[in-house]
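Trainee: Just the structure for this:
(2 chains)
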Amino acid sequence: MRKLLFLFVLMALMLVAAPVYAQSAAAAAPVNWAVPIAAGIGMAIASGLCALGQGKATASAAEALARNPGARPGIQLALILGLALIESLALYTLVIIFAKVK
Amino acid sequence: MPEQLWFTQLLNQHLAGVVTPLLQRIGFVPRYPEAPISNFVAMELLVFLILIVFFVLVRARLSVDRPGGLQHIMEAVEGFVNNQSEEIIGHHSEGFTPFLVVLGLFILIGNLIGLVPGFESPTASGSVPLGCAILTFFYYNFHGIRKQGLLKYLKHFTGPMPALAPLMLPIELFSHGARVLSLTLRLYANMFAGDMVTLVFMSLIPVLVPVVFLGLHIFVSLLQAYIFVLLTTVYLAGAVAEEH
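Mentor: Sure, this is the predicted structure:
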């Protein structure tokens, strides 16, 4: 009985996946074939470099916290601020992709 | 007829007859005259109403010797913002707390309301973060000019030495404009990307994986509201700071 219930819930959830049905058949126009490829590569480079920067920031913050646990508020503030600023650089790339890729 | 949320439809049914002539008199012609209020405007109004009700309830239930739950929440929020602005701006920072608290609460509730089915985040559209960023820009410039006078405030843009002024002035002006852009884009891109990622994973694996991304979206909503208020505090500190 419980397995049947699980199966029905699974089927009901599968039917909710509307966005994939709305995907039109992608016929690559000869002029714009490189745009999706460039978008993917650009986003990958942006995310990779952002991850490197955030890794360095987190490593510095962890080391500073280990050296001086009493300075935790200041280190935490600098860490959060730095991570958010670096993250926003990768998100600018995402916005450009959404603006340029149709 | 555009696709509307139920709240937008409710507003448009009752107010379209009033709003469309007003807009046309100013010169804007709405694309669908029977639905001039778009989704994000309706959601913004809803967040505004929620905030007004919350503040009125807090004010009505204020008590010194028996504070209730709402008073505790409001005191916690206000104490947090006050401590932070005192840490960053220094003395005389209590005047900025109301604006920062309201900005933070508006962005927070605006972000989180998108998680409720039947509503969408007003901050996931491009215009609402832009409005908040422009408001912040005018606010910190106004307080900088009020505190230090117009000429002394503009002298900040020229940098430490007068010889560097022709180089520093365009850089500083551009960087101040970039602040508005970055505040807008950070909030908009985070909320929009959260929606997109949830949508993509919902169409790939509808079963349990989108819950993880919705959890990430909740964390990002809280963090982005905090970051917006934090950056506003930092810009305020830069504007009203006085060199000793």
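Trainee: Scan chain A for its longest helix.
Mentor: helix A:34-67 (DSSP state H).
Trainee: So for that one, what gets flagged as buried?
Mentor: For helix A:34-67, burial by neighbour count (16 or more other C-beta atoms under 10 Å in any protein chain shown) applies to A:39, A:46, A:50, A:53-54, A:57, A:61, A:64. For every residue, glycine as well, the C-beta is placed using N, CA and C.
Trainee: Could you find which two of the residues you listed are furthest from each other?
Mentor: The largest separation in these, counting by C-beta to C-beta, is between A:39 and A:64 at 37.4 Å.
Trainee: on that earlier part again, distance to residue B:155 and pLDDT added to the buried residues of helix A:34-67, as a markdown table?
Mentor: Listed next are the buried residues of helix A:34-67 as a markdown table, based on distance: C-beta to C-beta, whole Å; pLDDT from 0 to 100:
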| residue | distance to residue B:155 | pLDDT |
| --- | --- | --- |
| A:39 | 44 | 92 |
| A:46 | 37 | 95 |
| A:50 | 36 | 96 |
| A:53 | 34 | 96 |
| A:54 | 36 | 96 |
| A:57 | 33 | 96 |
| A:61 | 35 | 96 |
| A:64 | 35 | 96 |
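Trainee: can I get the residues you listed in CSV with distance to chain B?
Mentor: As requested, those are exported to CSV (distance: C-beta to the nearest C-beta, whole Å):
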residue, distance to chain B
A:39, 13
A:46, 12
A:50, 12
A:53, 15
A:54, 13
A:57, 14
A:61, 15
A:64, 18
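Trainee: Next one: the residue of chain B positioned farthest from its centre relative to residue B:170, how far apart?
Mentor: Farthest-out residue of chain B from its mean C-alpha position, per C-alpha atoms, centre = their mean: residue B:163, at 38.4 Å. To residue B:170, residue B:163 is 15 Å away according to C-beta to C-beta, to the nearest Å.
Trainee: and what of residue B:188?
Mentor: 26 Å.
Trainee: So for the two, which residue has more residues nearby?
Mentor: residue B:188 (22 against 10; other C-beta atoms under 10 Å in any protein chain shown).
Trainee: what residues are up against the more buried one?
Mentor: Residues near residue B:188 by C-beta atoms under 8 Å, 6 or more residues apart in numbering or on different chains: A:95, B:123-126, B:129-130.
Trainee: Distance of it relative to residue B:63?
Mentor: Separation of residue B:188 from residue B:63 (C-beta to C-beta): 40 Å.
Trainee: on that earlier part again, which of the residues in the very next helix or strand once past the longest helix of chain A are classified as buried?
Mentor: Sequence-wise, the next helix or strand downstream of helix A:34-67 (DSSP states H and E) is helix A:72-100. Neighbour-count burial for helix A:72-100 flags A:75, A:79-88, A:90-91, A:93-97 (criterion: 16+ other C-beta under 10 Å).
Trainee: tell me the average confidence for helix A:72-100?
Mentor: Helix A:72-100 comes out with an average pLDDT of 90.
Trainee: cool, and stretch B:227-244?
Mentor: The model assigns stretch B:227-244 a mean pLDDT of 87.
Trainee: Residue B:10 in helix, strand or coil?
Mentor: Under DSSP: H, G, I helix; E, B strand; the rest coil, residue B:10 falls in the helix class.
Trainee: and the gap between it and chain A?
Mentor: 24 Å (C-beta to the nearest C-beta, to the nearest Å).
Trainee: Run a quick neighbour tally on that residue.
Mentor: The number of residues near residue B:10, taken as other C-beta under 10 Å, comes to 13.
Trainee: Run through the residues that contact the nearest residue to residue A:46 once chain neighbours are set aside.
Mentor: Take residue A:46 and drop its neighbours on the chain: the residue closest to it by C-beta to C-beta, 6 or more residues apart in numbering or on different chains is residue A:93, 3.7 Å away. By C-beta under 8 Å, 6+ apart, the contact set of residue A:93 is A:42-43, A:46-47.
Trainee: That'll do, ta.
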